[in-house]
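In: coordinates for the following, if possible.
(4 chains)
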2 protein chains.
Amino acid sequence: MNIEERKVILKNHKLRITNSRLDVIDHFLTMNKALSLGDLEHTFTEYDRVTLYRTLGSFLESGILHKIPNEEGSATYGLCHETCSPEDHTHNHVHFKCNQCGEIACLDGSSVPAVSLPEGYQVSTVNMIVDGLCKNCS
Amino acid sequence: MNIEERKVILKNHKLRITNSRLDVIDHFLTMNKALSLGDLEHTFTEYDRVTLYRTLGSFLESGILHKIPNEEGSATYGLCHETCSPEDHTHNHVHFKCNQCGEIACLDGSSVPAVSLPEGYQVSTVNMIVDGLCKNCS
DNA sequence: TCATAAATGCAATAGTATTGCATTTATGAT
DNA sequence: ATCATAAATGCAATACTATTGCATTTATGA
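Out: Coordinates of the predicted model:
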C-alpha cells in the first residue's frame, strides 16, 4: 500500500499524519499478522518505545487495530477490517495461533459461528481463538 | 467441597497435599470464576507470591486449571471440567467476560460451535471469548 | 522413623505496561 | 506562507506482572 493510501487511513480515523504512524500501519499491512508492542520496538528502533505504545493506543481507540486475546503476558494487536469503526467495533473473526512458530493471524475466510448464551447475558463482541499448527508448520 | 474431596483432586493429579494447594482449589471452587495470580495474592496474604505462582503452574500442568486468553496484561485461570486430563486437555467451552464488573466466568451451558478452517491448518484447541454484560450487570 | 524429592519463602531480576513533563511537530486559521 | 495551538514525541521514571536461584522446610513412601 503506498503512502497516500496510508495517509487516507489516518485521515479517515481523524488521526494526525506522522512518520511513526505511517510506518506502523505499513508494517501491519506488510506482515499481515498480529503484532505486539515488543515486535514494533524491535522493528522500529528509531522510535521511542512510548511513541509506539501510544501509536498502538491511538489505533486501538480509532478502530484501526483491535486487541487479540491471548494467553501470554503481552498484548497483541491485529488490523481491523474495513468495516470496523469506533462505533461498530465487532471483531467477529477467527484468530489462529500456531503453537509451533507462534504466529497469530486473522483468518479472514472463517467467520465466528453463532453462540447461544444463558438468559440474561448481553453479547458485545465474540472472539474465537484457535490454536494448533498453521499452514506452514503442519 | 470439603477437605477430603479436595485432597482427592490433588491425589488424582499426582500432586502433594499442601495447605496452599488446598486453599487455592477451595477458592476457585467457591468463587466459581476466573482468577489471576493477583487475585490469589490479595486473598492469601499468608502465602508467598511465588508459592501461589507455582501453585497455578502445577495446577496448569496437571490439568486442574486452564489458562483463559484475555486482552489484559495478566493471565487468568479457570477450573477445568472433570473430563480434563493432562493428556486430553481440550477446553472447548465458552468464557464470558463482563465489561461492567470485569468478571470472567466459564459458561458451562454453552459449548463451542464447530469452526471450519482453511486447508492445511490443524486445530488443537478452540477458545471462545464472549464479552458484554453478565446476568448481574445487565 | 527416616531419607529424599518436592514445596516453600525470600531475594533478586526480567519483561511489559504506564505516566509526567518538556520539547517538537502537524494542522487549521489567518 | 505564517502563525498559534493542540497533538505527538522523546526521555526519565515508575508500576505491575512474571520468573528464576537458592537455602530451608515439609510431605510422602520405604
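
In: can we go C-alpha only for contacts and neighbour counts from here?
Out: Noted.

In: enumerate the residues of chain A near chain B.
Out: Residues of chain A lying near chain B by C-alpha under 8 Å from any C-alpha of the partner chain: A:67-75, A:107, A:109-110, A:112-135, A:138.

In: hmm, 6 Å instead?
Out: Residues of chain A found near chain B (C-alpha under 6 Å from any C-alpha of the partner chain) are A:69-71, A:73, A:120-135.

In: I'd like to know which residues of chain A are adjacent to DNA strand D.
Out: For chain A, the contact set with DNA strand D under C-alpha under 7 Å from any atom of the strand comprises A:15-16, A:18-21, A:46-48, A:50-51, A:54-55, A:73.

In: state the pair within those that is farthest apart.
Out: The distance between the two most remote of those (C-alpha to C-alpha) is 30.5 Å, for A:16 and A:73.

In: going by residue numbers, what spans are helices in chain A?
Out: A:3-12, A:19-31, A:37-43, A:49-62 (DSSP state H).

In: and residue B:96, which of the ones you listed is closest to it?
Out: Smallest distance to residue B:96 across the helices of chain A (C-alpha to C-alpha): 21.6 Å, for helix A:49-62.

In: that closest one vs helix A:3-12, what angle?
Out: Angle of helix A:49-62 versus helix A:3-12, following axes from the mean of the first three to the mean of the last three C-alpha atoms, to 10 degrees, is 70 degrees.

In: show residues contacting helix A:49-62.
Out: Helix A:49-62 is contacted by residues A:13, A:41, A:65, A:66, A:86 when judged by C-alpha atoms under 6 Å, 6 or more residues apart in numbering or on different chains.

In: distance to residue A:79, pLDDT and neighbour count added to these, as TSV?
Out: Shown next, in TSV, are the contacts of helix A:49-62 (distance: C-alpha to C-alpha, whole Å; pLDDT from 0 to 100; neighbours: other C-alpha atoms under 10 Å in any protein chain shown):
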residue	distance to residue A:79	pLDDT	neighbour count
A:13	13	96	17
A:41	18	97	17
A:65	5	96	23
A:66	6	94	24
A:86	13	48	12
